[in-house]
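K.L.:
Here's a sequence, model it:
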Amino acid sequence: MTTITQTSRVLLSGRADHNTWTFHQTHQCVCTKPADALRAHHLKITNTLPKGWKDLGVALSRGHGKYFFRGNVTIEEGLHDLEHPDVSLADEWSYCNTDLHAEHRHLSQLEAIKLYLKGKEPLLQCDKELIQEVLFDAVVSAPIEAYWTSLALNKSENSDKGVEVAFLGTRTGLSRINLFVGAEQLTSQDFLKAGDKENIFNADHFPLWYRRAAEQIPGSFVYSIPFSTGTVNKSNVVTASTSIQLLDERKSPVVAAVGIQMKLEFFQRKFWTASRQCASLDGKCSISCDDETVNCYLIDNNGFILVSEDYTQTGDFFGEVEGAVMNKLLTMGSFKRITLYDYQAMCRANKESSDSAHGLLDPYNAFLSAVKWIMTELVLFLVEFNLCSWWHSDMTAKAQKLKQTLEPCDTEYPAFVSERTIKETTGNIACEDCSK
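P.N.:
Numbering: from 1, shown residues only. Just a heads-up that it's a prediction; the model follows:
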């Protein structure tokens, strides 16, 4: 990983020489929770602009522009599949410029594309290459809608309605969503909605489930529990996603991601069933999760608990529950600790404020003020008349107040990432009357 010092030297050298510099950097970026991270590989490009201008920097994903993929489909085919109600496009992306003319500003990007392709709005300016790729994605992804429909009709496949949503997203910002339950029955009502910024295509990022899948080993699923910032940090759903590659090779570009969201209770039940099946196989699983002396956990690649016998531990960091075991996993290399930095954080700061702080610093003034206050209260008690203003003095001690303000600050905090090359880790940890 490139250190901050190394990065600074490269940037400063580029500024001094007025040159364009490029360098590779591997870094971690925060997802939904402070200790949840993605590993990203970026190509940094920096350049010093003419005098009086700010420096310009661009970060591109490693391999950006290395592969160029375009498929040929007819406009009729593409329009037919774009008309399907389960298809949507990233409304913050600029497929067509709807700001040039007032009559186009009310259009969504999908509506603008349809009008452009039908030739009904000659004044619309659109990205022809991007739209051609959108049409191709719409055509090649259409069969999955039929597959989802067949699953929904086959009640035996999802009899307990554990799987609630299936979704697909392509590199052109096209999305397909299929509900296996009624919209009013969804456990997570906000998922994939306009307000769920982390899980839809935005102007500045792909959905979280897409990014997670793209960073995993091809062919593997990544599971996550949505993070809530509320006081009770619990969720009742699990999201699973995997990437779709153009070719069956490890370095092939990711062209789409597909996934499902299911009830947490359904997912946990499937895990316990699978663990029992493993235990029933001769010699395959020597330890059974049904054993009362054994605690079984399923954790994600950032060390957060997905499944536990204690339901309240779901979503907790594994190190908080089993600190010794987590430390052992770190020692053996199954997990590694990284440090995340936030250079745009806001920290709370306490500032003292008082109109007469000098009265507290001078014992004589403090004593005099106390005597006057006692006499004032005594007179008020006797005559029931407000004489406070007669006895008031600027030297009266006033309680200092602590004002909390937010100030810009740099923060750092730890995160943990699993080492994907290690398939299995075994070991024992000695404790008082147990073995871990």
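K.L.:
measure L174 to R212 for me?
P.N.:
Going from L174 to R212 by C-beta to C-beta, to the nearest Å gives 19 Å. For every residue, glycine as well, the C-beta is placed using N, CA and C.
K.L.:
so how many other residues sit close to I429?
P.N.:
I429 sits with 12 neighbouring residues when counted by other C-beta atoms under 10 Å.
K.L.:
Which pLDDT value goes with it?
P.N.:
On the pLDDT scale, I429 is placed at 74.
K.L.:
Apart from its neighbours in sequence, what residue is nearest Y343?
P.N.:
D410 (5.3 Å; C-beta to C-beta, 6 or more residues apart in numbering).
K.L.:
Okay, buried residues for the helix or strand hosting that neighbour please.
P.N.:
Assessed by DSSP states H and E, D410 sits inside strand 401-418. Using 16 or more other C-beta atoms under 10 Å as the test for burial, strand 401-418 gives 415-417.
K.L.:
L174 against D91, yeah?
P.N.:
No. Using C-beta atoms under 8 Å, L174 is not in contact with D91, being 12.0 Å away.
K.L.:
Of these two, give the one with the bigger neighbour count.
P.N.:
L174 (24 against 16).
K.L.:
where along the protein do the helices fall?
P.N.:
For the chain, helices defined by DSSP state H occupy the ranges 4-17, 75-82, 109-117, 128-140, 142-153, 208-214, 264-280, 318-321, 323-331, 358-361, 363-383, 388-391.
K.L.:
looking at this protein, which helix or strand is least sure?
P.N.:
Lowest on mean pLDDT, DSSP states H and E among the helices and strands of the chain sits helix 358-361, with a mean of 42.
K.L.:
Enumerate the positions of stretch 196-207 that are buried.
P.N.:
In stretch 196-207, counting by 16+ other C-beta under 10 Å, buried: 199-201, 206-207.
K.L.:
wait, doesn't F304 sit right on F318?
P.N.:
Yes. F304 is within contact range of F318, at 6.8 Å (criterion: C-beta under 8 Å).
K.L.:
Would you map out the domains in the protein?
P.N.:
Residue ranges for the domains of the chain, per automatic domain parsing: 4-61, 75-140, 142-268, 269-341+411-418, 355-399.
K.L.:
gap between W209 and K120?
P.N.:
35 Å.
K.L.:
which of the two has more neighbours?
P.N.:
Comparing W209 with K120 by other C-beta under 10 Å, the one with more neighbours is W209, at 25 against 9.
K.L.:
how about the nearest residue to that one, chain neighbours excluded?
P.N.:
Distance criterion C-beta to C-beta, 6+ apart; nearest residue to W209, sequence neighbours excluded, is S241 at 4.1 Å.
K.L.:
picking up where we left off before, from the buried residues of stretch 196-207, which is closest to A102?
P.N.:
A102 has its nearest neighbour among the buried residues of stretch 196-207 in F201, at 26.1 Å by C-beta to C-beta.
K.L.:
Excluding chain neighbours, what is closest to that closest one?
P.N.:
Nearest to F201 is A90, by C-beta to C-beta, 6+ apart, at 3.3 Å.
K.L.:
Count the residues that sit near the one you found.
P.N.:
What A90 shows, counting by other C-beta under 10 Å, is a neighbour count of 20.
K.L.:
Tell me which residues touch it, please.
P.N.:
Shown in contact with A90 (C-beta atoms under 8 Å, 6 or more residues apart in numbering): 109, 173, 175, 200-203.
K.L.:
Look at it and report its pLDDT.
P.N.:
In this model, A90 is scored at 89, pLDDT.
K.L.:
Distance-wise, check it relative to I200.
P.N.:
For A90, the distance to I200 equals 7 Å [C-beta to C-beta].
K.L.:
Same check on L298?
P.N.:
Distance of L298 to I200, given as C-beta to C-beta: 28 Å.
K.L.:
Same check on S156?
P.N.:
Distance from S156 to I200, by C-beta to C-beta: 32 Å.
K.L.:
Quick check: bridge partners of N97?
P.N.:
Assessed by DSSP bridges, N97 has beta-bridge partners Q125.
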